[in-house]
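> Give me a 3D structure for the following:
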Amino acid sequence: MSCVSQSTGQIQCKVYDSLLNLNSTLQATRALMVVCILLGLIAIFVATVGMKCMKCLEDDEVQKMRMAVIGGVIFLIAGLAALVATAWYGHRIVQEFYDPMTPVNARYEFGAALFTGWAAASLCLLGGA
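Here you go, the predicted model:
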């Protein structure tokens, strides 16, 4: 939804009819977050196979170690995708907030979803490292 608050305190919201109607920045950041989620799930499964406590591939220690490293690399890529998406959108919010042409009642600020995205990117990067 796109909401605007009037000076009288009334809030008017308009539902987006189509996802294709959104601007390209928002579409790209959403796509990056979906890629991050999918890569994170793949990384969990690959890294789980590479864990020493798992019986899978226990005969070949080199292959097991490679699976753990590949899982870590996929975690790093997922973390970078999340970090790029959240930083890009955060930059957009800051640019529009300080733009004098943006009306005061249409300015966005950082929300919980952006902080959650930064925390998720940090944890993915830490897990991959």
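
> May I see the buried residues of stretch 80-87?
Neighbour counts over stretch 80-87 (16 or more other C-beta atoms under 10 Å) mark Leu80, Ala81, Ala82, Leu83, Val84, Ala85, Thr86 as buried. The C-beta positions use only the backbone N, C-alpha and C, and glycine is treated the same way.

> Can you give the distance of that stretch from its chain's centre?
Relative to its chain's centre, stretch 80-87 lies at 5 Å (C-alpha atoms, centre = their mean, to the nearest Å).

> For the least confident helix or strand in the chain by mean pLDDT, which strands pair with it and how are they oriented?
When the helices and strands of the chain are scored by mean pLDDT, DSSP states H and E, strand 2-5 comes last with a mean of 74. Strands that pair with strand 2-5, judged by DSSP bridges, come out as strand 11-14 (antiparallel).

> quick one: average confidence on the partner strand?
When pLDDT is averaged along strand 11-14, the result is 80.

> How far off centre is the following helix or strand past that strand?
Using DSSP states H and E, the helix or strand that follows strand 11-14 in sequence is helix 24-49. Distance of helix 24-49 from the chain centroid (C-alpha atoms, centre = their mean) equals 8 Å.

> Would you indicate which residues of helix 24-49 are buried?
Thr29, Leu32, Met33, Val35, Cys36, Leu39, Gly40, Ile42, Ala43, Val46, Ala47.

> give me every residue that touches Leu126.
Gly79 (C-beta atoms under 8 Å, 6 or more residues apart in numbering).

> picking up where we left off before, nearest to Ala120 among the buried residues of stretch 80-87?
Comparing the buried residues of stretch 80-87 against Ala120 with C-beta to C-beta places Ala82 closest, at 5.4 Å.

> Could you tell me the model confidence score at the closest one?
Ala82 carries a pLDDT value of 95.

> Check the gap between it and Leu76 for me.
According to C-beta to C-beta, to the nearest Å, Ala82 stands 11 Å off from Leu76.

> Give me the common contacts of those two.
Common neighbours of Ala82 and Leu76 (C-beta under 8 Å, 6+ apart) are Cys124.

> Done for today, thanks.
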